[in-house]
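Asker: pasting the sequence and the predicted model now:
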Amino acid sequence: MFRVPKDGASSLSRRAFIKAGAALMAVGLGGEAALAGDKDHPSVAFMRKVGKDLLEAHRQGTVLSFLNVIQRYADVPQIALYSLGQYKASLGAAQRPRYFRGVAVFMSRYFADQSREYPVAKYEVGDATTDGKDVLVSSRIFLMSGQVYTVTWRVVWRDKGYKVADAKVLGFSMVYMQRGIFTSYLSKRKGDLVQLMAALEG
């Protein structure tokens, strides 16, 4: 849990994520050009695997279960570096492993919070569309309450397979929002990355 520092400054919080979207498991926001045979496109098969493992982690509802999925499927290094914004150049090579894991834990806690607040009944993975070099995969999530949410997954090719680079809920980029949370936190602490990493681990 991210606690309020003794000096009374605002703590690093996950509430902005929770307010922005009810769940990060599905969508139907279109891209620019549909891929031929998009339902059979490899990115769609990849997202079906991600969705299956995310749903299982959701049912367990633990930070560890989500951490395993995020470390397996998310492009954590690039997400983490982007999230630092103007402070990225201050991150030393020796600090990267600790920081990357902290970011993965931060995201896992967000998912675990969501699993308790918004129980999921099922999900559907939709079509794939192109967006420059990246691919957008649509999906929908059906909550136990009967509500349906949409999310668009941005997937990128890394080494020998796809990785999730971002997800948009109601048009809001989760990675962009995370960057706002991190940079705001750092701006109040003179860009002290050690404090950020301690908060991510706390």
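Answerer: Received it, and whenever you're ready, just let me know what you need.

Asker: look up phi and psi at the closest residue to residue 143 other than its chain neighbours.
Answerer: Nearest residue to residue 143 in three dimensions, chain neighbours excluded: residue 118, at 5.5 Å (Cβ to Cβ, 6 or more residues apart in numbering). (Glycine included, C-beta is placed from N, CA and C.) Here is the backbone geometry of residue 118 (degrees, to the nearest 10): phi -130, psi 80.

Asker: what about residue 118, how many neighbours?
Answerer: Each residue near residue 118 was counted by other Cβ atoms under 10 Å, and the total is 19.

Asker: can you check the one 3 residues further on too?
Answerer: Residue 121 sits with 13 neighbouring residues when counted by other Cβ under 10 Å.

Asker: same question for residue 156.
Answerer: 15.

Asker: ok, it - contacts?
Answerer: For residue 156, the contact set (Cβ atoms under 8 Å, 6 or more residues apart in numbering) comprises 75, 78, 133-135, 162-163, 165.

Asker: mind listing the strands for the chain?
Answerer: 33-34, 120-131, 134-143, 148-158, 161-169, 172-173 (DSSP state E).

Asker: now those strands in CSV, with distance to residue 66 and mean pLDDT?
Answerer: Putting the strands of the chain into CSV (distance: least, Cβ to Cβ, whole Å; pLDDT from 0 to 100) gives the following:
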stretch, distance to residue 66, mean pLDDT
strand 33-34, 31, 40
strand 120-131, 13, 86
strand 134-143, 15, 88
strand 148-158, 15, 90
strand 161-169, 13, 93
strand 172-173, 19, 90
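
Asker: could you dump these to a markdown table with distance to residue 103?
Answerer: Below are those laid out as a markdown table (distance: least, Cβ to Cβ, whole Å):
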| stretch | distance to residue 103 |
| --- | --- |
| strand 33-34 | 31 |
| strand 120-131 | 23 |
| strand 134-143 | 20 |
| strand 148-158 | 16 |
| strand 161-169 | 13 |
| strand 172-173 | 15 |
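
Asker: out of those, which is the most enclosed?
Answerer: For those, the largest average neighbour count (mean count of other Cβ atoms under 10 Å) is found in strand 134-143, namely a mean of 22.

Asker: can I get that one in PDB, CA atoms only?
Answerer: Output in PDB follows, covering the C-alpha atoms of strand 134-143 (Å, rounded to 0.1, in the frame of the first residue of the first chain):
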ATOM      1  CA  ASP A 134       1.400  -1.400 -33.400                       C
ATOM      2  CA  VAL A 135      -1.700  -3.500 -33.300                       C
ATOM      3  CA  LEU A 136      -4.900  -2.700 -31.400                       C
ATOM      4  CA  VAL A 137      -7.100  -5.500 -30.200                       C
ATOM      5  CA  SER A 138     -10.600  -4.900 -29.000                       C
ATOM      6  CA  SER A 139     -12.400  -6.800 -26.300                       C
ATOM      7  CA  ARG A 140     -15.300  -6.500 -23.800                       C
ATOM      8  CA  ILE A 141     -15.700  -7.500 -20.200                       C
ATOM      9  CA  PHE A 142     -19.000  -8.500 -18.600                       C
ATOM     10  CA  LEU A 143     -19.300  -7.900 -14.900                       C
END
